[in-house]
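Engineer: 3D model of this:
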Amino acid sequence: MLELLPEFLLGFGNYFKTNLFIAFCTLIVGLLGGAILGFMHSRNGSILSKLASPVISLLRAFPVFVLMFVLWNFIPRSQNTSINYFISDPDMILILALSAFSVSSLSDIVSDALHFKYMGDSERVWLVIPNIFRTFVTLVLSTSIGAAIGVKEAVTYSLVFSDGLADRSDKLLLILIASILFALFFGISRMILDYMTFRFKAA
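Structural biologist: Coordinates of the predicted model:
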C-alpha cells in the first residue's frame, strides 16, 4: 500500500479538481438565482416577497440526493460531443441538483445582506463574503454524492482505486486516507473562514 500512496495522492489531487469545478459552477448558479430570490424576499410585504418565499422553501426542503436521481432518470443525455468535452452529463446533473441548495442558501445570504444595508449596518453587510465562502466549502464536500451517478471526482477515484487492491485492510486504509484528505480540506477552509470573518468584523 505504501508504494502505491504517491500514485493515489497524485490521482486524488487531479480528481479533486472536479470537486472544486463542480462546486464553483454550482456557486455561480446559486449567486445568480440567489441574488434574484434574495432581492425579491427582502421586499417585505410585497408581492415579490410572497412569490419568492415558497420557491426558497421548496428548494431548501428538497433533498439534494433525491433530486440528483430524479434528474438522472428524467433528463435526456446530451449527444453533443463538443459539450461533453467540457462538461459531462453526470457533472451537469450534479450541478443542477446541488443548485437547489446553493440558490436557497445564497438567497438567504443576499436577503440578510440587503436587510443590513437598509438598516445602515455596513459592517454586517460585508459578512456576505465569508458566508459565500462557507457555502462554497459546503458545496465542495457535497460533490462527493456524485459518485453515485459516476461523476469522476475524488471519491469515485478513491473507490475505483481501492477496488484494485487485493488486501481488505489496504482498502480500508485507503478510504481512511481519502477521508483524512477531505477533513484536511475542511480544516484549512475553516481556518480561512474564521480569518475572513475576523477581518470583516474588525473592518
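
Engineer: chain center to the helix or strand harbouring residue 175, what's the gap?
Structural biologist: According to DSSP states H and E, residue 175 maps onto helix 168-202. Relative to the centre of its chain, helix 168-202 is centred 15 Å away, using C-alpha atoms, centre = their mean, to the nearest Å.

Engineer: Equivalent analysis for stretch 3-14, please.
Structural biologist: For stretch 3-14, the separation from the chain centroid amounts to 23 Å (computed by C-alpha atoms, centre = their mean).

Engineer: the longest helix in the protein is where?
Structural biologist: Counting residues, the longest helix found in the chain (DSSP state H) is helix 5-42.

Engineer: So for it, what gets flagged as buried?
Structural biologist: Buried residues in helix 5-42, counted by 16 or more other C-beta atoms under 10 Å: 8, 12, 15-16, 18-23, 25-27, 29-31, 33-42. Where C-beta positions appear, they are placed from N, C-alpha and C, glycine not excepted.

Engineer: Name the residues of the helix or strand following that helix that are buried.
Structural biologist: Sequence order places helix 47-61 as the next helix or strand after helix 5-42, per DSSP H and E. By 16+ other C-beta under 10 Å, the buried positions in helix 47-61 come out as 48, 52, 55, 56, 59.

Engineer: Need the pLDDT of the nearest residue to the first one once chain neighbours are set aside.
Structural biologist: Take residue 48 and drop its neighbours on the chain: the residue closest to it by C-beta to C-beta, 6 or more residues apart in numbering is residue 40, 4.0 Å away. If you check residue 40, the pLDDT there is 88.
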